[in-house]
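Engineer: My questions are about this predicted structure, shown below with the sequence.
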Amino acid sequence: MAAALEQLLGDFLMRGLEEKIATKLLFGKGKVLALYFSAHWCKACQNFTPLLKDWYKKIRRSDSGKNNFEIVFISSDNEEDEFKEYYNEMPWLALPYVARDKKTKLARKFRIQGIPALIILDADAGTVITTSGVAKVTNDPSGAEFPWKPKLFSDIIKGKLLKNKVGEVDATTALNGKVVGLYFSAHWCPPCRAFTPDLIGVYSKVRAEGQDFEVIFISKDRSAESFAQYFETMPWLGLPHGDKRTEDLISLFGVEGIPSLIILEKDGSVVTRHGRETVRADPDGKEFPWYPKAMNMLTMDHVSQLNLSPCLILFTEGEESDIVKAQEALQATAEKEHQKGSEQELLFFYSNDDDFSDYLRDFTLLDDRNPLLVILDIPGRKKYIHPATEITPEIVKTFVEQYFSGKLTPEAIKT
């Protein structure tokens, strides 16, 4: 994975506005790399950058960071002159501004939804240490716990959990041998209050079928009173309000918004980070524990995935025979891409003829012919439209191969 990351960054990076440095020098045993997504126009970035500069200098002076740590600035500035002015204040490396395609791929790979964002990486394995670098630097300005190697879920969750009408239970005992849903939510959040009854319904049905399933409410409520009022409506376990484990879990799983439902396998590994969408699509819990599929029927519940990653979509008339043909056309290529696991770059969907499909066509200015094969890169504001009127497995395979090889010409998504 380190080699793939090195390729994404390119052969050379900037050190100041004049000097270049070979990217390969940043990788190796014991090295840590941080990617700093930021921009001059962003007020929050302007506030955080001075803090990051002070922190960076401390780490670089330390024995552990002197030769083993570097930051790379990934600019979201609108103009190169803005980039130069902003970067001139920074003591670390930068991705050249002209490498816009690499910036887009890096933002896509690390699911950057907002800036500033600081991604901390193991530069030997190429794996993510934490996506919550901004919070880590803010909360640990001396770098005492740097590089913040992640703990296991089983270690973080140890201790007492709350259970209505029971009191406290031991987390390790209560969760042993169970699939676990981590429900990040709050009473003040309307989408949370709308989703909670749905989750209660699925939770009850799955448990009634004898499945080993438990949910933990991880509160973002602003007061203990709000927490108590909200938790009283829930049949599952909860972390006490203000518990330190809350921030540890948010950091471990990179939770950026609520409601969020993370589903964990019995061994603590992640089944899906899109539990909310998955549960809403399966209100009877028939597909528990909701392992990710190679392809899915496109619904409004997939908005977050559309906003985070390029998606291949085969639009259809929505008749049963059309859906079957779409599944057959997509199956082989979707399964091949799905086998990449966490490295999967392209998600696969087929559509029904419904209001959300119509809305998505309107939003991205697609025509209304069916079938219609497209790749929508909403984060990159690009779309790729295949001209074929009959979609076969071979057409899908070639279309995807050409997309990954850069042979397709995109059209801009104008909204």
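Structural biologist: Great, that's in hand.
Engineer: Going by C-alpha atoms from here, please, whenever you check contacts or count neighbours.
Structural biologist: Will do.
Engineer: can you list the domain ranges for the protein.
Structural biologist: 2-139, 159-281, 296-412 (automatic domain parsing).
Engineer: Columns distance to residue 150 and mean pLDDT on top of those domains, output as CSV?
Structural biologist: Shown next, in CSV, are the domains of the chain (distance: least, Cα to Cα, whole Å; pLDDT from 0 to 100):
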stretch, distance to residue 150, mean pLDDT
domain 2-139, 6, 91
domain 159-281, 6, 95
domain 296-412, 17, 93
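Engineer: Relative to residue 288, which of these is closest?
Structural biologist: Nearest to residue 288, of all the domains of the chain, is domain 159-281, at 7.4 Å by Cα to Cα.
Engineer: How far does that closest one sit from its chain's centre?
Structural biologist: On the basis of Cα atoms, centre = their mean, to the nearest Å, domain 159-281 sits 19 Å off its chain's mean C-alpha point.
Engineer: Now do it: distance from first to last residue.
Structural biologist: Using Cα to Cα, to the nearest Å, one end of domain 159-281 lies 33 Å from the other.
Engineer: One more: stretch 61-78?
Structural biologist: Using Cα to Cα, the end-to-end distance of stretch 61-78 comes to 33 Å.
Engineer: how close does the closest residue to residue 52 other than its chain neighbours get to residue 62?
Structural biologist: Leaving aside its sequence neighbours, residue 52 sits nearest to residue 137 (Cα to Cα, 6 or more residues apart in numbering; 7.0 Å). Per Cα to Cα, residue 137 is found 15 Å from residue 62.
Engineer: can you map out the helices along the stretch 101-250 of the chain?
Structural biologist: In the stretch 101-250 of the chain, the helices defined using DSSP state H, counting those that start in this stretch lie at 133-139, 153-156, 171-175, 190-208, 224-231, 245-253.
Engineer: Excluding chain neighbours, give the residue nearest to the residue sitting nearest the centre point of the chain in space.
Structural biologist: By Cα atoms, centre = their mean, the chain has its centre lying nearest to residue 111, at 4.4 Å. Of all residues beyond its chain neighbours, the one nearest residue 111 is residue 308 (5.8 Å), with distances taken as Cα to Cα, 6+ apart.
Engineer: burial count for the one you found?
Structural biologist: Neighbourhood size, residue 308 [other Cα atoms under 10 Å]: 19.
Engineer: Repeat that for residue 42.
Structural biologist: Neighbours of residue 42 under the rule other Cα under 10 Å: 13.
Engineer: Tell me who's in contact with it.
Structural biologist: Residue 42 is in contact with 115, 116, counting by Cα atoms under 8 Å, 6 or more residues apart in numbering.
Engineer: before we move on, what about residue 389?
Structural biologist: 370, 371, 372.
Engineer: Tell me the most packed of those residues, by neighbour count.
Structural biologist: Neighbour max across these (other Cα under 10 Å) = residue 372, 22 neighbours.
Engineer: residues touching the nearest residue to that residue once chain neighbours are set aside, list them.
Structural biologist: Sequence neighbours aside, residue 315 is the residue nearest to residue 372 in space, at 5.0 Å (criterion: Cα to Cα, 6+ apart). Under the criterion of Cα under 8 Å, 6+ apart, the neighbours of residue 315 are 350, 351, 352, 353, 357, 370, 371, 372, 373.
Engineer: May I ask you to confirm that residue 398 belongs to a helix?
Structural biologist: Yes: assessed by DSSP: H, G, I helix; E, B strand; the rest coil, residue 398 belongs to a helix.
Engineer: Just give me the neighbour total for it.
Structural biologist: Neighbours around residue 398, by other Cα under 10 Å: 11.
Engineer: Against residue 404, how distant is it?
Structural biologist: 10 Å.
Engineer: just residue 163 next, same as before
Structural biologist: According to Cα to Cα, residue 163 and residue 404 sit 49 Å apart.
Engineer: follow-up on the earlier one: so the residue nearest to residue 111 sits against residue 376, correct?
Structural biologist: No: because the distance of 10.9 Å does not satisfy Cα atoms under 8 Å, residue 308 is recorded as not touching residue 376.
Engineer: As CSV, could you dump the C-alpha coordinates of stretch 333-343?
Structural biologist: What follows is stretch 333-343, C-alpha atoms only, in CSV (Å, rounded to 0.1, in the frame of the first residue of the first chain):
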residue,chain,number,x,y,z
THR,A,333,-16.9,-6.2,-13.0
ALA,A,334,-18.6,-5.1,-9.7
GLU,A,335,-17.4,-8.3,-7.9
LYS,A,336,-13.8,-7.7,-9.2
GLU,A,337,-13.7,-4.2,-7.9
HIS,A,338,-15.4,-5.3,-4.6
GLN,A,339,-12.6,-7.7,-3.9
LYS,A,340,-10.3,-4.7,-3.4
GLY,A,341,-11.9,-4.3,0.0
SER,A,342,-10.8,-1.0,1.7
GLU,A,343,-8.9,-0.1,-1.5
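Engineer: Could I get the buried residue list for that stretch?
Structural biologist: Neighbour-count burial for stretch 333-343, with 16 or more other Cα atoms under 10 Å as criterion, is recorded at 333, 334, 337, 338.
Engineer: Name the nearest of those relative to residue 268.
Structural biologist: Distances from residue 268 to the buried residues of stretch 333-343, taken by Cα to Cα, are shortest for residue 338, at 20.9 Å.
Engineer: In this model residue 294 seems to touch the closest one, though I could be wrong.
Structural biologist: Yes: taking contacts as Cα under 8 Å, residue 338 lies within contact range of residue 294: 5.2 Å.
Engineer: Mind checking which of the contacts of residue 315 are in strands?
Structural biologist: Using DSSP state E, the members of the contacts of residue 315 that fall in strands are 350, 372, 373.
Engineer: can you list the residues you listed in TSV and add distance to residue 364?
Structural biologist: As requested, the ones in strands among the contacts of residue 315 are exported to TSV (distance: Cα to Cα, whole Å):
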residue	distance to residue 364
350	16
372	13
373	13
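Engineer: of all the helices of the stretch 101-250 of the chain, which lies closest to residue 214?
Structural biologist: Residue 214 sits nearest to helix 171-175 of all these, at 7.0 Å, using Cα to Cα.
Engineer: Check which residues of that closest one are buried.
Structural biologist: Applying 16+ other Cα under 10 Å to helix 171-175 flags 171, 175 as buried.
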